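Trainee: sequence and predicted model, in that order:
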Amino acid sequence: AQTVTQSQPEMSVQEAETVTLSCTYDTSENNYYLFWYKQPPSRQMILVIRQEAYKQQNATENRFSVNFQKAAKSFSLKISDSQLGDTAMYFCAFMGNAGGTSYGKLTFGQGTILTVHP
Amino acid sequence: SQTIHQWPATLVQPVGSPLSLECTVEGTSNPNLYWYRQAAGRGLQLLFYSVGIGQISSEVPQNLSASRPQDRQFILSSKKLLLSDSGFYLCAWSRRQGIIFNNEQFFGPGTRLTVL
């Protein structure tokens, strides 16, 4: 079974600065997908960024980028130019592809609460 | 465009009472559907998933059950609620492309359940 670990229960950052959230995972699969989801106080889950394990290039989405280290099974999220609206809980999630029979199931980490201070 | 609805948004129920939470998806067909529970504002735990009408898979043994009576409707039920059933319940859907399930999941707004 896959596991996802987020070792930082809480983080804080000043507005306009950069912050990195950590995530490690454990799997025996070679082909899989990793996600970062954001859950603001409204509790709506929002996809931030996605990475396919077979792609060596790190994914980027505007101010959000990842550092994907497949050998180390590490998948960190960097938020640049932090904004007050980035305040939320962030979840790292794993989706295996076990020959296409994983049924798209997600395994989530425990989350990191990020607070952006003005 | 696709949308996902959940109701009710908030529910307070006594221990031992029945439960029915509903999730519907609009704007797509033949989706994969999922029920998650989030306890104490922490990580999400997958409870059930469905790849078609009447097809339900359970991830963890528990006091809950799920049903999919229609293609875009997913229901979470219990005959007798326990205190430990309290939590935030999220429904999600994803597209299916043949046997490849590598698409993102889209989440509903959630239901906050309090069992007293």
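Mentor: It's in.
Trainee: show me what the spatially most central residue of chain B bridges to in the sheet.
Mentor: Per CA atoms, centre = their mean, the C-alpha nearest to the average position across chain B is that of B:Trp35, at 2.8 Å. Beta-bridge partners recorded for B:Trp35 (DSSP bridges): B:Phe48, B:Cys91.
Trainee: for chain B, what are the nearby residues on chain A?
Mentor: Contact residues, chain A versus chain B (CB under 8 Å from any CB of the partner chain): A:33, A:35, A:42-45, A:47, A:50, A:52, A:89, A:91, A:95, A:97, A:100-111. (Glycine included, C-beta is placed from N, CA and C.)
Trainee: generate a PyMOL selection restricted to the buried entries among those.
Mentor: Applying 16 or more other CB atoms under 10 Å in any protein chain shown to the residues of chain A next to chain B, the buried members can be selected in PyMOL as follows:
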select buried, chain A and resi 33+35+43+45+50+52+89+91+95+97+102+103+104+105+106+107+108+109+110+111
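Trainee: so which of the residues of chain A next to chain B belong to strands?
Mentor: Among those, DSSP state E puts A:33, A:35, A:47, A:50, A:52, A:89, A:91, A:95, A:107-108 in strands.
Trainee: now for these, which pair is the farthest apart?
Mentor: Farthest pair in these (CB to CB) is A:Glu52 and A:Met89. Separation: 24.2 Å.
Trainee: and the gap between A:Lys73 and A:Ala1?
Mentor: Relative to A:Ala1, A:Lys73 is positioned 14 Å away (CB to CB, to the nearest Å).
Trainee: and A:Gln83, by the same measure?
Mentor: 36 Å.
Trainee: just A:Tyr90 next, same as before
Mentor: Distance, A:Tyr90 to A:Ala1, by CB to CB: 23 Å.
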